[in-house]
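Enquirer: Provide a 3D model corresponding to the input given below.
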Amino acid sequence: MSRWQELTGGTSGGEYAARFEALARSGKDVHGEAAFCAALLPAGARVLDAGCGTGRVAIRLAELGYDCAGIDLDASMLDVARARAPRLPWIQVDLAAFDPAACGLAADFDLVVAAGNVLPLLAPGTEAEVVARLAAALRPGGLLVAGFGLDAAHLPVPPSITLPEYDAHCSAAGLTLVDRFATWDAAAYDGGGYAVSVHLLGP
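Expert: Here you go, the predicted model:
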């Protein structure tokens, strides 16, 4: 069982969506992840939102002209995503078992994004497998973008993966670190408790 399932019971889609709706109404920018990804690739690029939740990132990118799909294991989150954007492909799948072909997707995404603490909330021990499967969904030269907390202040669960461990998983999957930031606003990484990493899949 994933740490996310242990934390939520897989029934928190509506509550999660309502929290972000409240943030948006208060004037907060809830589209930082999408803006970050849009700055990396031109409109029309194929983007996979891995651990997409309620679809917030993918839906925003689709509005900006990107060709998006979302995958997640939590049915309650996907129910919200499907209601909000029924024309986008939303696929329920364990990231550790993700096979693009089995999901009806071509494995030639220009970018895979894993936002919202996806990596620390995986089932323990599956991190390397998930990174490998996400890398396998990319075209050569594609980008894997992941943002996640590294300490208790930035996570709803105890920290479970370090940046050196994540980078090692990426390297094993043929990915090379090209940039790292402290926030989705692209602030320089300073060794703090949250990091947004951009890795490139080699030819």
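Enquirer: helices and strands of the chain: which one has the lowest mean pLDDT?
Expert: Lowest by mean pLDDT, DSSP states H and E among the helices and strands of the chain is helix 13-25, with a mean of 56.
Enquirer: C-terminal to it, what's the next element?
Expert: Following helix 13-25 in sequence order, the next helix or strand is helix 32-38 (DSSP states H and E).
Enquirer: which other helices and strands contact the following helix or strand past that next one?
Expert: Once the chain leaves helix 32-38, the next helix or strand it forms, by DSSP H and E, is strand 46-50. Under the contact definition 3 or more Cβ pairs under 8 Å, 6 or more residues apart in numbering; DSSP states H and E, strand 46-50 sits against helix 56-63, strand 67-72, strand 109-114. (C-beta placed from N, C-alpha, C; glycine too.)
Enquirer: List the pairing partners of the second one within its sheet, with orientation.
Expert: It stands for strand 67-72. Using DSSP bridges, strand 67-72 pairs in its sheet with strand 46-50 (parallel), strand 90-92 (parallel).
Enquirer: Now do the same for stretch 96-113: mean pLDDT, whole number.
Expert: Computed over stretch 96-113, the mean pLDDT rounds to 97.
Enquirer: Can you give me the buried ones in that stretch?
Expert: For stretch 96-113, burial by neighbour count (16 or more other Cβ atoms under 10 Å) applies to 96, 98, 100, 103, 105, 109-113.
Enquirer: How far does the longest strand anywhere in the chain sit from its chain's centre?
Expert: When the chain is parsed with DSSP state E, its longest strand is strand 138-149. A distance of 9 Å separates the centroid of the chain from that of strand 138-149, by Cα atoms, centre = their mean, to the nearest Å.
Enquirer: Same check on stretch 75-83?
Expert: Chain-centre distance of stretch 75-83: 16 Å, with Cα atoms, centre = their mean.
Enquirer: Please tell me how far residue 185 sits from residue 117.
Expert: Distance from residue 185 to residue 117, counting by Cβ to Cβ, to the nearest Å: 17 Å.
Enquirer: what about the two, which has more around it?
Expert: The residue with more neighbours, out of residue 185 and residue 117, is residue 117; 20 against 11, by other Cβ atoms under 10 Å.
Enquirer: Can you pull out the low-pLDDT segments for this protein?
Expert: The model of the chain has pLDDT under 70 over residues 1, 3-31.
Enquirer: mind running it again at 50?
Expert: Applying pLDDT under 50 to the chain flags the ranges 20.
Enquirer: Could you give the bridge partners of the one residue sitting closest to the centre of it?
Expert: Central residue of the chain (Cα atoms, centre = their mean): residue 114, 1.5 Å from the mean position. Applying DSSP bridges to residue 114 gives these bridge partners: residue 146.
Enquirer: Pop out the phi and psi values for the closest residue to residue 172 other than its chain neighbours.
Expert: Nearest non-adjacent residue to residue 172, counting by Cβ to Cβ, 6 or more residues apart in numbering: residue 128, 6.6 Å away. Reported as degrees, to the nearest 10, the phi and psi values for residue 128 are phi -60, psi -40.
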